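sequence? don't have it. structure:
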């Protein structure tokens, strides 16, 4: 009946706090790789250049149509015979401008810029300019400078015993990776509807029981996402690691677990 200094144990994945994965859009060809693997980049710097003949053709067509309609709309005000069509031409010009802007926005996906300063890692060394890429092919990741974090999930019984600022420890699986001290940074107030870190699913060696449907993982019971900040920095080129997380939460008397379980069974049986 006395409180014991227990630990909340779960699995977690160690990853950078700022990370941007780059994937190839559909029907893309590699035009240039201005940044080498492991090279530092500044915010706003181009990461790679892709090309799409289809989008380039559409951009030329919509741009030419926009220029033609703009000239016709301007000339309509000078000619009394075509002045009656001025409003129609303006509407067509607005539609053509919106279409041209849409194509331009699509082309931006083929010219990704760094949203933050960091290091480009995981670039395939076999990539060469001129190669055609598969849709959603992984091209590399931009890792921001700064501390790393651990993403973990705890059940509804354990989430009551932890709070922001609690100490924790991360041990990589197999002790092949880093061992870091952590601090609980945030705890979701609502249970997670899906599991966005498949490596934490029980199907792949993690602790979260899930069911899979159409490629999406759904937790079998209520689990809450917990973010923990690492007390030490790791190189940007370090890989992500899965491991065990031990959180020093609130002390609890072991007997209370059995009492809560018994009360839950009694409540369910009373419903019959």
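Received it, and whenever you're ready, just let me know what you need. Just so you know, these numbers come straight off a predicted model, no measurement behind them. Numbers count the residues shown, from 1 in each chain.

Residue 57: how many residues sit nearby?
11 (other CB atoms under 10 Å). C-beta here means a position set from N, CA and C on the backbone, and glycine is covered the same way.

which SS class is it?
helix (DSSP: H, G, I helix; E, B strand; the rest coil).

mind starting the numbering at 388 from now?
With 388 as the first residue, the last one maps to residue 444.

pLDDT at it, what is it?
The pLDDT attached to residue 444 in the predicted structure is 80.

From residue 437, how far off is it?
15 Å (CB to CB, to the nearest Å).

Can you tell me, leaving aside adjacent residues, what's nearest to residue 607?
On the basis of CB to CB, 6 or more residues apart in numbering, the spatially nearest residue to residue 607 that is not a chain neighbour turns out to be residue 596, at 4.2 Å.

Isn't the one you found up against residue 589?
Yes: here residue 596 lies in contact with residue 589, judged by CB atoms under 8 Å, at a distance of 5.1 Å.

ok, now which ones touch the residue nearest to residue 607?
Under the criterion of CB atoms under 8 Å, 6 or more residues apart in numbering, the neighbours of residue 596 are 589, 606, 607, 608.

hmm, which of these are the buried ones?
In terms of neighbour count (16 or more other CB atoms under 10 Å), the buried residues within the contacts of residue 596 are residue 606.

And the contacts of residue 596, which is closest to residue 650?
If you rank the contacts of residue 596 by distance to residue 650 using CB to CB, residue 608 comes first, at 17.8 Å.

Now do the contacts for residue 636.
Contact criterion CB under 8 Å, 6+ apart gives 393, 394, 395, 545, 548, 549, 550, 553 as the residues in contact with residue 636.

Pull the most distant pair out of the contacts of residue 596.
Distances among those were taken as CB to CB; the most separated pair is 589 and 608, at 11.4 Å.

what about residue 511, distance to residue 408?
For residue 511, the distance to residue 408 under the criterion CB to CB works out to 13 Å.

Which of the contacts of residue 596 fall within strands?
Counting by DSSP state E, the part of the contacts of residue 596 found in strands is residue 606.

before we move on, the earlier item: residue 511 and residue 408 - which one has more neighbours?
Ranked by neighbour count (other CB under 10 Å), residue 511 and residue 408 place residue 511 first, with 13 against 10.

so who does the more buried one touch?
Contacts for residue 511 were tallied using CB under 8 Å, 6+ apart; they are 526, 527.

Next, give phi and psi for it.
Residue 511 adopts backbone torsions of phi -60, psi 120, taken as degrees, to the nearest 10.

Now do the SS call for residue 457.
Once three-state DSSP is applied, residue 457 turns out helix.

Looking at stretch 565-577 now, give me its mean pLDDT.
The predicted model assigns stretch 565-577 a mean pLDDT of 91.

And for stretch 501-510?
Stretch 501-510 comes out at a mean pLDDT of 87.

Flag every buried residue along that stretch.
For stretch 501-510, a neighbour-count test (16+ other CB under 10 Å) marks 501, 503, 505, 506, 507, 508, 509, 510 as buried.

what does stretch 475-491 give?
Within stretch 475-491, the residues that count as buried by 16+ other CB under 10 Å are 476, 479, 480, 483, 486, 487, 490.

Quick one: distance of whatever helix or strand residue 494 lives in to the chain centre.
When elements are defined using DSSP states H and E, residue 494 is found to belong to helix 473-495. Averaged C-alpha coordinates place helix 473-495 at 32 Å from its chain's average position (CA atoms, centre = their mean, to the nearest Å).

That concludes my questions; thank you for your assistance.
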